[in-house]
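Asks: How does the following fold in three dimensions:
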Amino acid sequence: MTKINASRREFLRAASVLGGTVGTAAAPLALNLSMLGNAAAQSTGYRAIVCLFLYGGNDSANMVLPTDATSWSAYTSTRSTAPDPIALRPVGTGRDLAANSALLDYLGGVLPVTPDFTQFASPNNTRTYAVHPAMPEVQSLFSQGRLGIVANAGPLVEPLANKAAYRSSATRKPAKLFSHNDQQSTWQALAPEGARVGWGGRLGDLVASGNGQAIFTNISAAGNAVFMAGNTVFQYQVGSGGATAIRGLPGVDANLFGSAAAGTALQNIVTADNQHLFAKEYAAITRRSVDARVQFQAAYTPTDTVVPAITQYTSPLTRLPANNALATQLRTVARIIAASTALGATRQVFFVSMGGFDTHDNQNRSHADLMARLSHAIGEFDRILGTARGQVTLFTASDFGRTFTSNGDGTDHGWGAHHFVYGGAVRGREIYGRFPTVGLNHDDEVGSGSFLPGVAVDQIGGTLGRWFGVSDSNLDTVFPNLNRFQRDLGFIV
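Replies: Numbers count the residues shown, from 1 in each chain. Here you go, the predicted structure:
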């Protein structure tokens, strides 16, 4: 069931847009959105932003690495305590994952002089770089120019030039750093836990009027998230089967105790008009929720001929094919995008997520598998979208980065982290922002190798917002700190 704004007036305004005609998609996704793209020449066209949140705090220093001699030496000397078999080791210490019979074979052995994975050059950076060897899809998308890297990003109130600026009482810092709940909220809402409106929701507020049905502006395939909550727009929650039914009510295919007739009878009772104001409003909300689900399900693309099925990924832990829940979420997003015309949507914000990134322990095994699943899911999303990818931009986000130092079996809570931006409109094959110095005891770290961010969350959001068509003045209301930073990072056309 969707979250309903407490304001009766606002709910009636939002519900008033539900009367549009909804059809059923019948063409492949690329063709569907290609036709929509042609219409864009005469109107504003369709665009979607997808937030992919990595819950727990991704150790992005193990995901994107500089591979010049100085950086690699600092990486291996700080992160290796060989020959301890459970110690945290660099991600490039072995051979190709698929070529080995066990993950420990991949993780163990003598440290190489140079990293054993594909390196790439970044035109605006003097160093060479690589991604985790379990991420071939990401490596390929980077090489093809559809994926870029935002280096060392995180919540900031104002630019902090160095460690001394961070320690100064005269500078402003985000509240409650290094706390999971607070930094998840700060990434998503620019305020610690307790925030009620996220910046994805505020973007939705600004673009909803351009959608024929505002209720389908912000859609989460990963449950409730403050990122998606707006002042006027609320998040519509879905699963792989489509919109969630109100329990016991028909609303397309649900029933009560196995009886459709019983469900219909209950629906007639709870949606009947009532003289009591509270009951009357409750009935109206329920009725419109059922109607919205009927409309959504009619538009939601039903078959693999419209949106291709996803493949399994190969787990680096077992060397066997396995299901990838994140890829399933992204396919759900692709199915909704394919139905955007039928839903009357020209701008949509989506939310998907993946957990397991709080790697204080057992990081060698768990992080390799997380990287494999993340890479596979983004690769599958690209394959499914096809030529429609130019209308979609995905970005990763996470609580925080992790410490560059090891606790012996994993890493602890940090701050700045590297992130991916993907899409057909992304200026790929580039790293945006200054990559921090690798190692310890320098101006880019504030303790234990926690990197001081050089890019603010506001800048990532502001760059996406401009592409979305939001004016600079409105972006300043969505991102209150944006006017203190470079407004556009340039990673998107």
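
Asks: going forward, measure contacts between C-alpha atoms and count neighbours the same way
Replies: Fine.

Asks: quick one: least confident helix or strand in this structure?
Replies: helix 103-107 (a mean of 32; mean pLDDT, DSSP states H and E).

Asks: residues contacting the residue nearest the centre of the chain?
Replies: Centrality entry for the chain: nearest residue to the mean C-alpha point is Leu52, 1.2 Å, by C-alpha atoms, centre = their mean. By C-alpha atoms under 8 Å, 6 or more residues apart in numbering, the residues touching Leu52 are Phe351, Val352, Ser353, Met354, Leu394, Phe395, Thr396, Ala397.

Asks: count of residues packed around the second one?
Replies: Looking back up the chat, that one is Val352. 23 (other C-alpha atoms under 10 Å).

Asks: Check whether it really touches Asn218, as I assumed.
Replies: No. The pair Val352 and Asn218 does not pass the contact test of C-alpha atoms under 8 Å, sitting 11.7 Å apart.

Asks: could I get stretch 359-376 in PDB with only the CA atoms?
Replies: This file holds the C-alpha atoms of stretch 359-376, laid out as PDB (Å, rounded to 0.1, in the frame of the first residue of the first chain):
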ATOM      1  CA  THR A 359      31.900  -5.500   6.100                       C
ATOM      2  CA  HIS A 360      33.500  -5.400   9.500                       C
ATOM      3  CA  ASP A 361      34.100  -9.100   9.200                       C
ATOM      4  CA  ASN A 362      34.800 -11.700   6.500                       C
ATOM      5  CA  GLN A 363      35.300  -8.900   3.900                       C
ATOM      6  CA  ASN A 364      37.500 -11.000   1.500                       C
ATOM      7  CA  ARG A 365      34.700 -13.400   0.800                       C
ATOM      8  CA  SER A 366      31.600 -11.100   1.200                       C
ATOM      9  CA  HIS A 367      32.900  -8.100  -0.700                       C
ATOM     10  CA  ALA A 368      33.900 -10.100  -3.800                       C
ATOM     11  CA  ASP A 369      30.400 -11.500  -4.000                       C
ATOM     12  CA  LEU A 370      28.800  -8.100  -3.500                       C
ATOM     13  CA  MET A 371      30.900  -6.600  -6.300                       C
ATOM     14  CA  ALA A 372      30.000  -9.500  -8.600                       C
ATOM     15  CA  ARG A 373      26.300  -9.000  -8.000                       C
ATOM     16  CA  LEU A 374      26.500  -5.200  -8.300                       C
ATOM     17  CA  SER A 375      28.300  -5.400 -11.600                       C
ATOM     18  CA  HIS A 376      26.000  -8.100 -13.000                       C
END
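
Asks: Would you mind pulling the contact partners of it?
Replies: 56-57, 59, 63, 86, 88-89, 103, 107, 132, 134-138, 313-317, 324, 326-327, 356-357, 407, 409-412.

Asks: separation between the residue lying closest to Arg196 once chain neighbours are set aside and Ala372?
Replies: Nearest non-adjacent residue to Arg196, counting by C-alpha to C-alpha, 6 or more residues apart in numbering: Val226, 6.3 Å away. Remark: distance between Val226 and Ala372 (C-alpha to C-alpha, to the nearest Å) = 27 Å.

Asks: State the three-state secondary structure for Ile285.
Replies: Taken by DSSP: H, G, I helix; E, B strand; the rest coil, the conformation at Ile285 corresponds to helix.

Asks: Check for me that Val421 belongs to a strand.
Replies: Yes. The assignment for Val421 (three-state DSSP) places it in a strand.

Asks: Can you tell me, leaving aside adjacent residues, what's nearest to it?
Replies: Closest residue to Val421 apart from its sequence neighbours, by C-alpha to C-alpha, 6+ apart: Phe395 at 4.4 Å.

Asks: Now for that neighbour, how many residues are close by?
Replies: Neighbours of Phe395 using other C-alpha under 10 Å come to 21.

Asks: mind checking pLDDT for it?
Replies: Per-residue pLDDT puts Phe395 at 98.

Asks: Now for Asn362, how many residues are close by?
Replies: 15.

Asks: Likewise for the one 3 residues further on?
Replies: The burial metric for Arg365, expressed as a neighbour count using other C-alpha under 10 Å, is 17.

Asks: what's the answer for the one 5 residues further on, then?
Replies: By the measure other C-alpha under 10 Å, the count of residues near Leu370 is 22.

Asks: gap between it and Ser315?
Replies: Leu370 is 9 Å from Ser315, by C-alpha to C-alpha.

Asks: Parallel or antiparallel, list what pairs with the strand or helix carrying the residue nearest to Val421.
Replies: Following DSSP states H and E, one finds Phe395 within strand 392-398. Strand pairing for strand 392-398, using DSSP bridges, gives strand 47-54 (parallel), strand 417-423 (antiparallel).

Asks: State the mean pLDDT of the first one.
Replies: Averaging the model's pLDDT scores along strand 47-54 yields 98.

Asks: Was I right to think Gln139 contacts Val131?
Replies: Yes. Gln139 is in contact with Val131 according to C-alpha under 8 Å; the separation is 6.8 Å.

Asks: Of the two, give the one with the bigger neighbour count.
Replies: Counted by other C-alpha under 10 Å, Gln139 and Val131 do not tie: Val131 has more neighbours, with 25 against 21.

Asks: hey, what's that one bridged with?
Replies: Residues in a beta bridge with Val131, per DSSP bridges, are Val64.

Asks: would you list every one of the helices in the stretch 351-493 of the chain?
Replies: Using DSSP state H, counting those that start in this stretch, the helices found in the stretch 351-493 of the chain span residues 363-385, 457-468, 472-478.

Asks: Which one, of the ones you listed, ends up nearest to Leu147?
Replies: Minimum separation from Leu147 across these (C-alpha to C-alpha) falls at helix 363-385, 9.9 Å.

Asks: Under the pLDDT cut-off, which ranges of the stretch 51-200 of the chain? List them.
Replies: 80-126 (pLDDT under 70).

Asks: how about the strands of it, start to end?
Replies: 64-66, 119-121, 128-131, 147-154 (DSSP state E, counting those that start in this stretch).

Asks: would you turn these into TSV with distance to His276?
Replies: As requested, the strands of the stretch 51-200 of the chain are exported to TSV (distance: least, C-alpha to C-alpha, whole Å):
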stretch	distance to His276
strand 64-66	60
strand 119-121	67
strand 128-131	61
strand 147-154	49
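
Asks: Name the stretch among those strands that sits most buried.
Replies: Each of the strands of the stretch 51-200 of the chain was scored by mean neighbour count; the highest is strand 147-154, a mean of 26, by mean count of other C-alpha atoms under 10 Å.

Asks: Pull the residues that contact it.
Replies: For strand 147-154, the surrounding residues in contact (C-alpha under 8 Å, 6+ apart) are 138, 141-142, 187, 400, 415-423, 426-436, 451-457, 491.

Asks: Stretch 486-493 now?
Replies: Outside stretch 486-493, the residues that touch it by C-alpha under 8 Å, 6+ apart are 148, 421, 425-428, 432-433, 459-460, 462-464, 467.
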